[in-house]
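J.: Sequence plus the predicted model coming up.
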Amino acid sequence: MSVVRTGERKGRRSTSEGEDGTQTHQRVFYAKTDADTDYGPTVLAAQGIPKKNDQHPEDFNAIVIGRTPRELQKGHWEVDIEYGQRPPSEPPGSQGGKQSLLLRDPQIAISFQNMLVPLSGQTGGAQASYISGVGRPAGDVWSDGIANSAGEPFDPPVMRQKSQLVISITRHEAAFDNENALRFIDSVNNAAIKIAGFDLGVRTAKMMGLSTPGIAWETFEEQQFFTFPVTYTIHVNVETWDIIVLQHGTYYIDASDGNKKKAFLTDEGQPRIGLLTDTGDDNESNPARFKTILGFPYQENWGVLKLPDTMLPKIGQGGQPGAAAGENR
């Protein structure tokens with residue numbers, strides 16, 4: 001008495017995802033026995049029915065945790081196969097206890113980039129706090145080009161050196177997400193977010209892009225599997241990625257004279273640069289006005305990327321010393 005035929009019911013697959021992002025999978029198999037006196041153990045032992053701890057064909061972190069045979073009618077059986085997340089104490093990997101690339105903590109690198117940018121100024125004081133990199137004080141008006149005592153911008157602009165934080169996160173993923181690579185490149189964060197321990201305000205982080213050198217192969221139980229090492233490169237501008245420019249020009253729109261365009265002229269009748277209001281009118285007798293331009297208007301919800309919010313590895317997040325805790329990994 002034995003099983004003479006097995007196969008998967010391919011229209012019966014399902015996957016569930018919990019609040020923590022872990023996934024469970026269900027598959028259904030069919031088995032036919034050559035006698036109607038067979039019981040469940042005979043069916044579970046059949047070739048073609050996944051065994052306990054077998055790995056899911058697509059989710060390398062999921063293994064068989066449950067098998068339930070049901071007799072539909074004499075000699076005909078269905079077997080429910082349930083996959084759950086592999087216990088942390090039994091990670092896949094090659095010989096010597098090497099942990100699966102998919103389960104490893106991401107590699108996080110912090111660096112900086114130095115560049116020259118126009119010297120920034122503010123109207124109404126507090127200029128030093130902005131230039132020193134403390135950040136944009138609430139309610140202050142400031143620009144990406146300071147003006148001279150007559151309110152005219154310097155040409156060429158006065159430049160200063162600025163350091164910009166660079167966060168690089170590399171983690172192994174089952175596939176390279178081409179849609180995310182196109183979706184997030186050159187995007188700024190549309191909400192406050194914590195990445196690698198840094199609390200980043202709205203529109204202060206820009207995704208330079210997602211990159212990968214290609215497939216990385218690993219071996220587990222004499223079978224080869226591959227992952228993609230994906231690097232997320234993020235540049236942080238603690239001031240803002242928006243551009244603030246002085247409202248000025250060579251002509252103005254005279255609201256008192258039917259919104260006619262009129263040129264700013266010197267006493268000698270030569271063209272000159274003058275200050276403008278937010279609506280384009282003459283603003284020569286008032287404090288300078290500035291205009292905000294979205295340097296990178298495309299913004300995205302970075303939360304869906306599930307980037308690490310700390311630099312600590314999982315084993316070190318319970319208060320254990322990082323280096324000592326990592327020695328046995």
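T.: Cool, the structure landed.
J.: quick one: low-confidence parts of this protein?
T.: 1, 87-100, 119-147, 149-153, 220-223, 240, 244, 295, 297, 315-329 (pLDDT under 70).
J.: Pop the domain breakdown of it in here.
T.: Domain segmentation of the chain under automatic domain parsing yields 3-85, 107-243+296-313, 248-287.
J.: what about the ones you listed, which gets the closest to Leu101?
T.: Closest of these to Leu101 is domain 107-243+296-313, at 3.9 Å (criterion: C-beta to C-beta). From N, CA and C alone the C-beta is placed, and that goes for glycine too.
J.: about what we covered before: can you list the domains of the chain in CSV and add mean neighbour count?
T.: Output for the domains of the chain, formatted as CSV (neighbours: other C-beta atoms under 10 Å):
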stretch, mean neighbour count
domain 3-85, 15
domain 107-243+296-313, 15
domain 248-287, 13
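J.: residues contacting Leu294?
T.: Going by C-beta atoms under 8 Å, 6 or more residues apart in numbering, Leu294 touches Asp242, Ile243.
J.: quick revisit: can you put the domains of the chain in JSON lines and add distance to Leu101?
T.: Formatted as JSON lines, the domains of the chain follow (distance: least, C-beta to C-beta, whole Å):
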{"stretch": "domain 3-85", "distance to Leu101": "9"}
{"stretch": "domain 107-243+296-313", "distance to Leu101": "4"}
{"stretch": "domain 248-287", "distance to Leu101": "54"}
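J.: All the helices of this structure, residue numbers only.
T.: Taking DSSP state H to define them, one finds helices in the chain at 40-44, 127-131, 178-184, 322-326.
J.: Can you tell me how far Phe112 is from Gln164?
T.: Going from Phe112 to Gln164 by C-beta to C-beta, to the nearest Å gives 6 Å.
J.: Equivalent analysis for Lys10, please.
T.: Distance from Lys10 to Gln164, counting by C-beta to C-beta: 51 Å.
J.: again, but for Gly303
T.: 23 Å.
J.: Next: Asn189.
T.: Taking C-beta to C-beta, one finds Asn189 at 15 Å from Gln164.
J.: again with Leu276
T.: 31 Å.
J.: now Lys262
T.: On the measure of C-beta to C-beta, Lys262 and Gln164 end up 41 Å apart.
J.: Same check on Trp217?
T.: Counting by C-beta to C-beta, the gap from Trp217 to Gln164 is 36 Å.
J.: before we move on, what about Leu182?
T.: For Leu182, the distance to Gln164 - C-beta to C-beta - is 24 Å.
J.: Same check on Leu275?
T.: Counting by C-beta to C-beta, the gap from Leu275 to Gln164 is 31 Å.
J.: Same check on Phe226?
T.: Noted for Phe226: a distance of 34 Å to Gln164, by C-beta to C-beta.
J.: ditto for Leu265
T.: Leu265 is 41 Å from Gln164, where distance means C-beta to C-beta.
J.: One more: Asp257?
T.: Distance, Asp257 to Gln164, using C-beta to C-beta: 46 Å.
J.: isn't Ile49 right next to Phe29, touching?
T.: Yes. Using C-beta atoms under 8 Å, Ile49 is in contact with Phe29, at 5.5 Å.
J.: list residues touching both of these two?
T.: Contact criterion C-beta under 8 Å, 6+ apart; residues bridging Ile49 and Phe29 by contacting each: Thr6, Val79, Ile81.
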